[in-house]
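Engineer: The sequence and its predicted three-dimensional model are supplied below.
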Amino acid sequence: MKVLVAIKRVVDANVKIRVKSDHSDVDLANVKMAINPFCEIAVEEAIRLKEKGVASEVIAVSVGDDRCQEQLRTALALGADRALQVKTDVAVEPLGVAKLLNAIAVKEGCDLVVLGKQSIDSDNNQTGQMLAAIGNMSQGTFASEVVCEEGQISVTREVDGGLQKLALQLPAVVTTDLRLNEPRFASLPNIMKAKRKPLAVLTPDELSVDVTPRLCTLSVVSPSEREAGVIVSNVAELVEKLKTEAGVL
């Protein structure tokens with residue numbers, strides 16, 4: 001079984017985001033970038049499936065300019081067998097990414113596509129669902145456990161108020177949640193080996209996919225700063241402030 005893992009290059013989760021002075025976008029100058037945390041979990045799960053003998057090959061794919069090759073090399077160092085970059089300078093939207101992933105899954109003959117449930121930059125939580133619909137594949141979103149049994153993928157997913165267990169027929173799409181696993185660290189020998197692993201470059205045109213943006217960002221602004229709290233002397237004063245100032249009572 002071939003497993004395709006999608007990863008996205010995002011601002012490191014520990015970096016404080018800055019907005020450009022013209023409010024056109026987030027300022028990425030001299031900012032540390034990393035693999036989206038949910039995508040790291042997806043890579044780890046795919047590697048574990050290979051270590052269990054379920055997956056025969058793990059292919060990492062990312063959409064973007066040449067800078068995303070750094071994150072692809074990281075995925076290779078973690079244990080992916082080879083990598084694919086869909087090279088484009090366009091900020092590809094979730095629908096475009098879903099179409100690209102579907103084209104690659106068909107081209108490579110992948111039985112399972114694993115990706116993070118969402119990215120920490122745009123937080124759309126759309127790509128996995130769109131991919132399943134476009135490719136007519138089973139889907140298990142927000143997975144907290146993935147088990148392969150008797151030619152099926154058993155997915156335990158987190159829902160409001162509990163857990164839901166699904167049996168997915170292949171081909172399938174699985175999106176990962178935080179509690180699925182704990183991603184490993186790449187060892188130095190594997191980082192060196194990753195430099196020799198194959199990394200192919202494709203373009204959207206080669207995959208016959210139009211990635212022209214359909215949305216226009218009007219403005220990007222930082223969230224307003226929270227005002228300092230005040231200390232009240234008694235309950236009556238608290239109730240009064242909630243009524244007159246906060247307007248919640």
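Structural biologist: All right, it came through fine.
Engineer: Pull out the buried positions in stretch 113-123.
Structural biologist: Applying a neighbour-count criterion of 16 or more other C-beta atoms under 10 Å, one finds 113, 114, 115, 116, 117, 118, 119, 120 buried in stretch 113-123. For the C-beta atoms, the positions are set from N, CA and C on the backbone; glycine is no exception.
Engineer: where along the chain do the strands fall?
Structural biologist: 2-6, 9-11, 33-35, 57-64, 82-87, 112-116, 138-149, 152-159, 162-169, 172-176, 199-202 (DSSP state E).
Engineer: I'd like to know which elements the second one is packed against.
Structural biologist: Translated: strand 9-11. Contact partners of strand 9-11 among helices and strands, from 3 or more C-beta pairs under 8 Å, 6 or more residues apart in numbering; DSSP states H and E: strand 33-35.
Engineer: okay if I get the strands of the chain as TSV plus distance to residue 213 and mean pLDDT?
Structural biologist: Compiled in TSV, the strands of the chain are given as follows (distance: least, C-beta to C-beta, whole Å; pLDDT from 0 to 100):
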stretch	distance to residue 213	mean pLDDT
strand 2-6	19	95
strand 9-11	18	93
strand 33-35	21	93
strand 57-64	13	95
strand 82-87	15	96
strand 112-116	20	95
strand 138-149	25	91
strand 152-159	31	89
strand 162-169	32	92
strand 172-176	23	94
strand 199-202	19	95
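Engineer: Distance to residue 18 for those strands - can I get that in JSON lines?
Structural biologist: Putting these into JSON lines (distance: least, C-beta to C-beta, whole Å) gives the following:
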{"stretch": "strand 2-6", "distance to residue 18": "27"}
{"stretch": "strand 9-11", "distance to residue 18": "10"}
{"stretch": "strand 33-35", "distance to residue 18": "14"}
{"stretch": "strand 57-64", "distance to residue 18": "20"}
{"stretch": "strand 82-87", "distance to residue 18": "27"}
{"stretch": "strand 112-116", "distance to residue 18": "24"}
{"stretch": "strand 138-149", "distance to residue 18": "31"}
{"stretch": "strand 152-159", "distance to residue 18": "33"}
{"stretch": "strand 162-169", "distance to residue 18": "39"}
{"stretch": "strand 172-176", "distance to residue 18": "29"}
{"stretch": "strand 199-202", "distance to residue 18": "31"}
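Engineer: These: which one's closest to residue 96?
Structural biologist: Among these, the nearest to residue 96 by C-beta to C-beta is strand 57-64 (7.9 Å).
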